[in-house]
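Engineer: No letters, just coordinates:
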């Protein structure tokens, strides 16, 4: 009996070693361990043995059964692993093949600058206001202390629809609309298209974009204007950007200033963009002229304010290194996709 | 305004470099645009004398000169016709440099050696009028006294070094359109004393007479002429002006004409007051009238052009005719001639706006008119005329006649402002002591008495305390203003609903591969023809024309954005760009309710315009993009239906989208005729979506609805149906009968073949049923399905396929 068991064990082990497929393994499992399997039968046949032999042989059979069981289990695991590995090998793909993703489009460079500026000023508590492009002279000139015989009203600068309706030459008209409709505190920016009678060339366009800003409240100072613009240029043009105020004149602000920023291309060392000066003329600004406040029903003795405005194209061109303004309006997709 | 440092030095001590001075003046508000450092770029150019001239053996127009350069003699070949033996000339030697970076080297001209070049005024960048008897097209020939300087550097000998500033003067500071004004700014900016050499002019008292030498003056338009002063000089000898005067005129970019005309220009540059000089013999009746021109009156101006005038313009006239357009230009009929013996000087102040308009109308913007248009001080006019007469005597061009005729109907207002130092500091955010403010204002020649500031006559721009603040801070230093953050109530940074939706649409369309474009708001009228908009269409009537367009191409405000998109697609097609997808967020402008006629603003509608073409796109690609836009605005309920009558689009491949009564979008394939008009041989798809209307229906607020708990049951349904029936109709029918338990309807197959018949198609849907509060029974679903099928059969003639 003992020999028989040993023989079976040896046989089984040898067969398991030789196994070729999972199915064969399954068959072997049935052959030895199944309900009618050899080992099962052997256990059932224990009854015919002498009583003192039974426990000994019984435990021997059980040991062998366990051993075979474990062996089959292990073999099964190894085999499954092998099969899986083969499958994975077969499934190998060329990961360098192109994807079927739609390539992202692009946001127009002018919009990108506007969005960036908007984000900065929204963060500082400004509202973003839109206004009409075809506008009354009342909002573009009269209310902005630009009287009827002021040179800014010349035909050569302004596109007229009628004597009283024009294409706005600046977005300041939106500031007036806001001041007429809102009580201080006012903190707003107004980005948008403006029109001036310039023939298109590398540096001129009859339509361009401006962003203007306005703050009116108690005790607003020129130092606040400087601080605000400093925040803005550091955020939009880089944290090391410096700003410089120069006296200037605008009919709607007093005192007025032009502001230069340290060249954000070369950092102020001098380059083609800043014409070797280290500074780029960026914006016009100043303290809102008391007449403008009065015109909008705001008492200049109680309130003061500042305003600023700049051209978007200018920043876009310097920032992206665009050398011809017309590219921005030609909309060649090979140009647009670069942004 | 141009000015040389040489002239400015008459007013103050300048001991800094030109560059530094430029920077300082820029920072106090007198912006220096450029500094022209004349003479700096002339190197190794010397005085020479022509000893001998012989013809060139190989040329008809060249000659060979032997030139004495003092220490050496050289041979120079020249083609200049005006050179003679013994002439003293200017020689650029071998290895010399001339303005404009030109380098002169020894060379061989037609076989003859030439060791340098003899120069013209132009080559040295000197105006021909700077030295006597020079001509434009020939060599510079110097007077014989320069023979003593042979071989010496021409920059030294002729004193060619000159730093010339070009200033940008803002429109509020006409006083700085003068050397006197610039000198004052320079002195204060450098913190030096202002030594005004013309101080005497303010003290000079010339007796006012009714007439001098029989000349009388009358102003009939006192609203346009504030002051008119005439003085006379007699025994006039017309001739050249002295070199110093010519040099200063040249530095300011003014050509020397003759001594009398030069004096008028010199005074204008020096004091900022335009002057005019007439030959008294040309003034008939010796009576000057300052009057409005008559309609269609003509005058031939000094530039030999006949000008037609009208009754808004002001002229200086004698008894018969106009002799000058006031403030703009004199007439030829009263010009100073070589034999003029008695000259009338005019120093007048006219209404700025009127001069500006006149200059504009006659198309003549002169040095005089550009000063007048900014508004000049009538007080300064008197100083100027006295200076002119003084100069005439100084240069020996004539003798002053005593007295003046001075008509001064509107006295210049003396302006006072209260100095409120606190308010100034509060406005600026500074702590400038009041004494410092007073000091600055006094340097600017303002009188400060018990806080009342009186502006000097030349500062017509000082009106309010804000103006004083600017003066104070200009010299305190804009760079010394601190940087603070607003100390006030916090405000909320907000975008409008429209802005938020616009941003979302933009991001999503970019995600779908489209590129944003930027287009002009004005277009050519012809564009409307190109997109086949009928002549009687409403939007044609709503077109807003620009009165003064740049050209035909930009003549009207666009009533539709389709034209801009077509143009952009055309440009891209012309550049052979394949697979193009674009969008434009921009406006249309329409005069829908005669707003323009009423002086009101027209309707501007924000649009999202999409344009695509390429190998892989069709109507449904476009439709998907439009759905992206609608979804970005959370507009879920809308109707889509076919649009067959739109002349810009393909009649069978165009749809409109409506919400309620509002039509919010049109989308489709562009009509082949339109493509043809743009020269595009491709199928092009365009959608025009009204952003304004979209915003109206957009839902920005979100509310959570419970995720379904109970299982869904799916049923498929396939039917044979007439080809003409749109799937939207089928869907509407299913939804109507599916009632509350129908969760979704999804089209999964459309199939056509000959067996089905020519006019039929097979359409299959997957329907999903679900209830919020229970598991649906088969019976419920079967009943609903039965109802749906019955309705499909009844209303659409569908045949159920099994």
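Structural biologist: Received it, and whenever you're ready, just let me know what you need. Treat the numbers as computed from the prediction; the structure is a model and nothing was measured.
Engineer: So whichever residue of the stretch 151-300 of chain B sits closest to chain A: helix, strand or coil?
Structural biologist: The nearest approach of the stretch 151-300 of chain B to chain A comes at residue B:170, 3.5 Å away (C-beta to the nearest C-beta). Backbone N, C-alpha and C define where each C-beta goes, glycine included. Assigned with DSSP: H, G, I helix; E, B strand; the rest coil, residue B:170 falls in the coil class.
Engineer: Correct me if wrong: it contacts residue A:248.
Structural biologist: Yes: with contacts counted by C-beta atoms under 8 Å, residue B:170 reaches residue A:248, the gap being 6.3 Å.
Engineer: where does the stretch 601-750 of chain B come near chain A, residue by residue?
Structural biologist: For the stretch 601-750 of chain B, the residues found near chain A under the criterion C-beta under 8 Å from any C-beta of the partner chain are B:601-602, B:604.
Engineer: Pairing partners for residue B:611 in the sheet, please.
Structural biologist: With beta bridges defined as DSSP bridges, residue B:611 has these partners: residue B:582, residue B:686.
Engineer: tell me the domain ranges of the chain?
Structural biologist: Just so you know, I chose chain A. With domains defined by automatic domain parsing, chain A comprises A:2-90, A:109-336.
Engineer: other chain: chain B
Structural biologist: Partitioning chain B according to automatic domain parsing yields domains covering residues B:2-38+B:163-197, B:43-160, B:203-407, B:416-480, B:497-697, B:713-801.
Engineer: Dump the ones you listed into CSV; add mean pLDDT, distance to residue A:24 and mean neighbour count as well.
Structural biologist: CSV is the format used below for the domains of chain B (pLDDT from 0 to 100; distance: least, C-beta to C-beta, whole Å; neighbours: other C-beta atoms under 10 Å in any protein chain shown):
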stretch, mean pLDDT, distance to residue A:24, mean neighbour count
domain B:2-38+B:163-197, 93, 95, 19
domain B:43-160, 90, 94, 17
domain B:203-407, 93, 105, 20
domain B:416-480, 95, 92, 18
domain B:497-697, 95, 52, 19
domain B:713-801, 91, 43, 15
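Engineer: wait, which of those is closest to residue A:137?
Structural biologist: domain B:497-697 (9.4 Å; C-beta to C-beta).
Engineer: Excluding chain neighbours, give the residue nearest to residue B:269 in space.
Structural biologist: Taking C-beta to C-beta, 6 or more residues apart in numbering or on different chains as the measure, residue B:269 lies nearest to residue B:252, with 5.0 Å between them; neighbours along the chain are not counted.
Engineer: The one you found and residue B:4 touch, don't they?
Structural biologist: Yes: here residue B:252 reaches residue B:4: they are 7.4 Å apart, a contact under C-beta under 8 Å.
Engineer: before we move on, the earlier item: which residues does the residue nearest to residue B:269 contact?
Structural biologist: In this structure, residue B:252 makes contact with B:1-4, B:269, judged by C-beta atoms under 8 Å, 6 or more residues apart in numbering or on different chains.
Engineer: Look up how far residue B:474 lies from residue B:441.
Structural biologist: Using C-beta to C-beta, to the nearest Å, residue B:441 is found at 11 Å from residue B:474.
Engineer: Helix, strand, or coil at residue B:456?
Structural biologist: The three-state label given to residue B:456 by three-state DSSP is coil.
Engineer: That one and residue A:188: what is the separation?
Structural biologist: Shown here: residue B:456 relative to residue A:188, a distance of 39 Å by C-beta to C-beta.
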